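Asker: only the shape, not the letters, is given here:
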């Protein structure tokens, strides 16, 4: 298999579940991996990684012999949601990070290796989304291992709509339809669900506040409801409680004895049909 990318032709071979890179060439360099490196294993899920050693031989500018060796590490190290420039989102997105360490191997009769040359590290991050064969976003960094300086960096964005150029890609089309169906069902569900607020069910007056001895709770129910009141200290400890009661539509009155409470702030939780609000109550 041959892939053309970044003005370079890359050569691959598939063995069982592993994709091997066997070499590459461009107008400047021609390189063959005498010991190919494992670029990917399928499937690769989040938190999984693979590592392999490689060696290579080739020519620089068609005349200078070069040899390299190193390691290739591929890891699915992150996942999440990607916000596109259009404002649309892709989720879930999986990031696959590859780090290729490239070390020069001395070639007999050549003086091309400088003393202290510790080689380079090529770091590539690709973001994949379900239903798309190729990465949506990609970054590339070439780093000098000796002093950690960045030799070169670039980034590429491949909009999802640009992935639809294949005449037949049934596997990924099926995955896209699955994702679209899930998104559509979620939108329909959100449209059907009406958010209920406390104002839709009850209005309540709490007085006096600050309170010295007795706190009055005067409330009106707009629908039949299960109602309870709980008083907590600021650190969350329960202090007083009016247990849950079934009430019909109408007006009601409750009291909470606060005479024995310490002078400090408390939280009154009002619970009606599973909807709750918290109010701060000051005890003098």
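Answerer: All right, it came through fine. The structure displayed is predicted, hence computed values, not measured ones. Numbers count the residues shown, from 1 in each chain.

Asker: show me what the most centrally placed residue in the chain is bridged to.
Answerer: The centroid of the chain falls nearest to residue 80 when counting by Cα atoms, centre = their mean (1.6 Å). In this entry, residue 80 is beta-bridged to residue 93, by DSSP bridges.

Asker: that one touches residue 91, doesn't it?
Answerer: Yes - with contact defined as Cβ atoms under 8 Å, residue 80 reaches residue 91; the gap is 7.4 Å. No exception for glycine: its C-beta is placed from N, CA and C like everyone else's.

Asker: wait, what's in contact with the residue nearest to the centre of the chain?
Answerer: Counting by Cβ atoms under 8 Å, 6 or more residues apart in numbering, residue 80 touches 91-93.

Asker: what's the answer for residue 282, then?
Answerer: Neighbouring residues of residue 282 by Cβ under 8 Å, 6+ apart: 209-211, 265-266.

Asker: next: residue 41.
Answerer: Residues in contact with residue 41 (Cβ under 8 Å, 6+ apart) are 17-19, 50, 74.

Asker: neighbour-wise, which one of the contacts of residue 80 leads?
Answerer: Neighbour counts for the contacts of residue 80 (other Cβ atoms under 10 Å) peak at residue 93, which has 19 neighbours.

Asker: could I get the pLDDT score of it?
Answerer: Note for residue 93: predicted pLDDT of 92.

Asker: from residue 160, how far off is it?
Answerer: 11 Å (Cβ to Cβ, to the nearest Å).

Asker: related to what we said a few turns ago, need the buried ones from the contacts of residue 282 selected in PyMOL.
Answerer: Remark: buried members of the contacts of residue 282, expressed as a PyMOL selection using 16 or more other Cβ atoms under 10 Å:
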select buried, resi 211+266
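
Asker: so which of the contacts of residue 282 belong to strands?
Answerer: Counting by DSSP state E, the contacts of residue 282 place 265-266 in strands.

Asker: quick one on the thing from earlier: just the buried ones from the contacts of residue 41?
Answerer: Buried residues within the contacts of residue 41, defined by neighbour count using 16+ other Cβ under 10 Å: 19, 50, 74.

Asker: and which of those is nearest to residue 12?
Answerer: Of all these, the one with the least separation from residue 12 (Cβ to Cβ) is residue 19, at 5.9 Å.

Asker: in strands, which of the contacts of residue 41 fall?
Answerer: 18-19, 50, 74.

Asker: so which helix or strand takes in residue 171?
Answerer: helix 170-192 (DSSP states H and E).

Asker: beta partners for residue 206?
Answerer: Here residue 206, judged by DSSP bridges, has bridge partners residue 217.

Asker: that one: how many residues sit nearby?
Answerer: 18.

Asker: kindly report the same for residue 86.
Answerer: Neighbour count for residue 86, taken as other Cβ under 10 Å: 9.

Asker: how near is residue 269 to residue 260?
Answerer: Here residue 269 is placed at a distance of 20 Å from residue 260 (Cβ to Cβ).
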